[in-house]
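Visitor: could you look at this predicted model? Sequence included:
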Amino acid sequence: MKAKSLPNREAAESFGNNDHLRFVADGMLGKLTRWLRMLGQDVKYSNSLDDPQLLMIARKEKRILLTRDFELYQRANAKGIDAFYLEGVTGEEKLAELAQRYNVRLEIEMASSRCPKCNSTVKPTSRKEAERKVEKSTFDHYKEFWKCPNCGQIYWQGAHWTKIRKTLNVAKQILKETEREK
């Protein structure tokens, strides 16, 4: 069921080089929301938003509606709201779909990364401030830290980054294979 609103080439031209798109995601896309935020994309999300609220936010704030609900996708299109129906099953497949459709770069740049929890842009923070908020072993092993100015969460590129890089590499591979099939 291929139900994309624009072909890939037109989408890339109309949305540029991934530079910070604005999305609203339905309640089925919480994990994808966190990934997109880490990739620097502005994503409004709450699993308590109903369909009319999602449509209103997309229209009022000029956000692209991301959904796994085909009926919601159709209603959005009928109302002239830019929407994207995600078909992928895995997180990697969904990331590859968005990279293809909107030219989202599958690289995390901490200078533009957003807090996966609250969507604010994270900022570098001093080691002194991080020392008060992270485990001593974490502080001793890592030199760079970032803080969310909204929720106060501290981030660092720890051992979990191996899994993050692997996920992004799999998404890139899926994207390459999709491009080859065209």
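Guide: Ah, there it is. The shown structure was predicted, so the numbers you read here are calculated from the model rather than taken from an experiment. Numbering: from 1, shown residues only.

Visitor: residues contacting the residue nearest the centre of the chain?
Guide: Geometric centre of the chain, nearest residue: Leu36, 1.0 Å, by CA atoms, centre = their mean. Under the criterion of CB atoms under 8 Å, 6 or more residues apart in numbering, the neighbours of Leu36 are 23, 25, 43, 98, 104. Quick note: C-beta positions are derived from backbone N, CA and C, even for glycine.

Visitor: show me what counts as buried in the helix or strand where it lies.
Guide: Assessed by DSSP states H and E, Leu36 sits inside helix 30-38. The neighbour-count check on helix 30-38 (16 or more other CB atoms under 10 Å) flags 32-38 as buried.

Visitor: which strands or helices does the next helix or strand after it pack on?
Guide: Next helix or strand after helix 30-38 toward the C-terminus (DSSP H and E): strand 42-45. Applying 3 or more CB pairs under 8 Å, 6 or more residues apart in numbering; DSSP states H and E, one finds that strand 42-45 contacts strand 22-25, helix 30-38.

Visitor: domain parsing of the protein, as residue ranges.
Guide: Residue ranges for the domains of the chain, per automatic domain parsing: 8-107, 123-155.

Visitor: next one: the last one to chain centre, how far?
Guide: What it means is domain 123-155. Offset of domain 123-155 from its chain centre (CA atoms, centre = their mean, to the nearest Å): 23 Å.

Visitor: pop out the phi and psi values for Tyr85.
Guide: Backbone torsions of Tyr85, given as degrees, to the nearest 10, read phi -90, psi 120.

Visitor: so what does the nearest residue to it once chain neighbours are set aside have for phi and psi?
Guide: Sequence neighbours aside, Tyr73 is the residue nearest to Tyr85 in space, at 4.0 Å (criterion: CB to CB, 6 or more residues apart in numbering). Backbone torsions for Tyr73, taken as degrees, to the nearest 10, come to phi -60, psi -50.
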